[in-house]
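Visitor: Mind looking at a prediction? Sequence and model below.
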Amino acid sequence: MKKALVCGAGGFIGGHMVARLKDEGYWVRGVDIKEHEFCTPLADDFVVGDLRDPQLVAKVVDEGMDEIYQFAADMGGAGYIFTGEHDAGVMHNSALCNLNVLDEAARKKVGKIFYSSSACIYPEDIQTDPNNPGLRESFAYPANPDSEYGWEKLFSERLYLAYQRNHGIQVRVARFHNIFGPQGTWCGGREKAPAAMCRKVAEAEDGGEIEMWGDGEQTRSFLYIDECIEGVRRLMESEVSDPINIGSDEMISINGLAQMVADVAGKKIGLHHIPGPLGVRGRNSENSMIHEKLQWSPSQPLRAGIEKTYAWIAEQVDATP
Ligand code: NAD
């Protein structure tokens, strides 16, 4: 039986990865600084602990484990990443998790380690046009990410690749492009655009109005959680150790996303544009590399994922007094 450690198992993507690995018959240990808010842990062993602490990391990484999935990070949506208020914590906390987990994994001769990087590593200056044709992996350099979150991700990508060169540990690195779905943060300030939009529409009356940061003409692509997990598992089974995009190439404006959510909810909703933290003007995933290397790329339409996510968030809103 294969043995895996999922770091950040109390979070959105980590929680889904634990479920997938259990389905595949793995023995799984999850670790997170907090319990999962939305599901009972399926892991064989779930440790509540802080990965910034090397002693805790030494306890959760076993000698010769087959795989580690490193999702733990101090992160959130635009309201968390782009205000500047959390920059020091985002860099310090996430870098410490990566430094500790990777070093212990190399020391204990873990078979393979996955690192969750982000589309936020791509240079700001090539994302000024809402009609972004797509970010190829090779566009990462010369580097100029638009946030400290992106700089930490880029540093950590390089850290994983350096450990692979110097310590022989196998690494797999994915650059996620806006992952969304049920059991993700949907309120409280760390939620990302799809979840925030679903919550606002669920809370609004038919014929009402919701607030949106900026003019809503900025574009993004969004990937449903099941396809993200499928991509990560395929990457782990492959020989690809260069960083690779895991994202959808179905680009949409934030106004378009709000409209789609309102359609799914069956409500007529007006948009009230207000100033707020935004990020780059246009971003899309470019999927030639994943298609070529893994003979697979995400293909589900955005609307299918929004339907499932809206249903789940509307339930959470209804259940909240
Ligand atoms: P999430 O916030 O739901 O999960 C991250 C988890 O890490 C949280 O449960 C948090 O408690 C845990 N954590 C943070 N600091 C910790 C510490 N010191 N010790 C132990 N646990 C700690 O986020 P997510 O959406 O599941 O993202 C997972 C990973 O994917 C992150 O590294 C994130 O940067 C990356 N990523 C996500 C997206 C996305 O759209 N969700 C996009 C790009 C990259």
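Guide: Cool, got the structure.
Visitor: Show me what from this protein comes close to the ligand.
Guide: 8, 10-14, 32-34, 50-52, 71-75, 93, 97, 116, 118, 176, 178-179, 185, 192 (C-beta under 6 Å from any ligand atom). C-betas here are computed from N, CA, C, even on glycine.
Visitor: Which of the residues you listed fall in helices?
Guide: Counting by DSSP state H, the residues of the chain next to the ligand place 12-14, 93, 97 in helices.
Visitor: average pLDDT across the host helix or strand of Met17?
Guide: Per DSSP states H and E: Met17 is located in helix 12-23. Helix 12-23 carries an average pLDDT of 98.
Visitor: Could you tell me which residues within it count as buried?
Guide: Within helix 12-23, the residues scored as buried using 16 or more other C-beta atoms under 10 Å are 12-21.
Visitor: Could you dump those into CSV with distance to Asp249 added?
Guide: Compiled in CSV, the buried residues of helix 12-23 are given as follows (distance: C-beta to C-beta, whole Å):
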residue, distance to Asp249
Phe12, 22
Ile13, 20
Gly14, 25
Gly15, 26
His16, 22
Met17, 23
Val18, 28
Ala19, 26
Arg20, 23
Leu21, 27
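Visitor: separation between Ala143 and Glu250?
Guide: 27 Å (C-beta to C-beta, to the nearest Å).
Visitor: where does the chain have its least confident helix or strand?
Guide: helix 78-81 (a mean of 88; mean pLDDT, DSSP states H and E).
Visitor: Of all the residues in this protein, which one is nearest the ligand?
Guide: Gly11 (2.1 Å; C-beta to the nearest ligand atom).
Visitor: if I pick that residue, what's in contact with it?
Guide: Each residue near Gly11 by C-beta atoms under 8 Å, 6 or more residues apart in numbering is listed here: 32, 36, 71-72.
Visitor: mind redoing it with 7 Å?
Guide: Counting by C-beta atoms under 7 Å, 6 or more residues apart in numbering, Gly11 touches 32, 71.
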